[in-house]
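mind folding the following:
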Amino acid sequence: MQKVERPKTLKEHALDSLRDAITSNSLTPGTRLIERNLCETLGVSRTVVRECIRHLESEHLVVGLPNAGFAVASISDAEVKEIYEIRTLLECMAVRECSKVITSEIIQSLYQLHDQIADHLAKDDIKTALRLTKDFYELIFHSAGKHVAWVLVEQLNSRISRLRAMTLSSVGRKTAGPKDLYEMVKALEEHDPDKACAICERHLKEAYEIACQLEKGNNS
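Residues are numbered from 1 along each chain as shown. From the prediction side, this is the model:
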């Protein structure tokens, strides 16, 4: 018997919509969040908008302003560096373990996710590509038995998605990113932990360098 999923509330829909706008960089760092405008755009009350903003503040996507009000938070150079350091540690650990236990079914699923990611990036559908990329890594972590590590990644996911959106939108990354993921799956299929880890490290190093350049541009 499957659990019946509860329909999302209006607040949850509004929260998802506002979060997506920030993580996809439709709302760029420093953008002021005007309650009246958000009420009209989201079709909800000011109470709901305020609750959403407070929730996003707890995710470090929104920051309070000195003279009242809120704006989309910037990510400092130090935060960008730390996020990528954490990702490198956790993702390399996951791909190493996954390469030892991966099954043909999981390999096939990862190839399918890769194809879907590449397809949506080619169509400039960043939002769907971000969701599928999250699914790609989640499958690797759970296949490796690294469930606690994935919880840690999930806690950073809003900021990770925001950085991914920045890098995936950059010139050349829409093809280089999927190429790295394909090579990573190939290494997993070959049960080669060192190769899988090396590809993962290279992928994240290149993404980090792009994110630093773009974040400096946003903050300048």
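
where does the prediction get shaky in the protein?
1-6, 170-172, 215-220 (pLDDT under 70).

what's the lengthiest helix in the chain packed up against?
Criterion DSSP state H: the longest helix present in the chain is helix 193-219. With contacts taken as 3 or more Cβ pairs under 8 Å, 6 or more residues apart in numbering; DSSP states H and E, helix 193-219 sits against helix 77-101, helix 157-168, helix 173-189. C-beta: built from backbone N, CA, C; applies to glycine.

list the buried residues in it.
For helix 193-219, the neighbour count (16 or more other Cβ atoms under 10 Å) marks 193, 195-200, 203-204, 206-208, 210-211, 214-215 as buried.

and what of stretch 39-48?
Here stretch 39-48 shows Cys39, Leu42, Val44, Val48 as buried, counting by 16+ other Cβ under 10 Å.

can you give the contact residues for it?
Leu10, Lys11, Ala14, Ser17, Leu18, Glu35, Arg36, Val49 (Cβ atoms under 8 Å, 6 or more residues apart in numbering).

can you tell me which of these are in helices?
Leu10, Lys11, Ala14, Ser17, Leu18, Glu35, Arg36, Val49.

please list only the buried members of those.
Lys11, Ala14, Leu18, Val49.

my guess is the first one meets Glu51, correct?
Yes. Using Cβ atoms under 8 Å, Lys11 is in contact with Glu51, at 6.1 Å.

please name the nearest non-neighbouring residue to Cys98.
Of all residues not flanking Cys98 in the chain, Ala144 sits nearest, at 4.0 Å (Cβ to Cβ, 6 or more residues apart in numbering).

which residues touch that neighbour?
Met93, Ala94, Val95, Arg96, Glu97, Cys98, Val101 are the contacts of Ala144 under Cβ under 8 Å, 6+ apart.

could you do Leu181 as well?
His114, Ile117, Thr133, Phe136, His203.

against Ile210, how distant is the last one?
Translated: His203. According to Cβ to Cβ, to the nearest Å, His203 and Ile210 sit 11 Å apart.

show residues contacting the helix or strand containing Val148.
Assigned by DSSP states H and E, Val148 belongs to helix 147-155. Outside helix 147-155, the residues that touch it by Cβ under 8 Å, 6+ apart are Ile86, Arg87, Leu90, Met93, Ala94, Tyr137, Glu138, Phe141, His142, Ile160.

before we move on, back to that, in a markdown table: the buried ones among the ones in helices among the contacts of stretch 39-48, plus distance to Asp180.
Converted to a markdown table, these look like this (distance: Cβ to Cβ, whole Å):
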| residue | distance to Asp180 |
| --- | --- |
| Lys11 | 37 |
| Ala14 | 35 |
| Leu18 | 30 |
| Val49 | 39 |
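
angle of the longest helix of the chain against helix 157-168?
Angle of helix 193-219 versus helix 157-168, following axes from the mean of the first three to the mean of the last three Cα atoms, to 10 degrees, is 80 degrees.

so what's the residue nearest the centre of the chain up against?
For the chain, the residue sitting closest to the mean C-alpha position, by Cα atoms, centre = their mean, is Ser161 at 2.2 Å. Going by Cβ under 8 Å, 6+ apart, Ser161 touches Thr23, Ser24, Leu130, Lys134.
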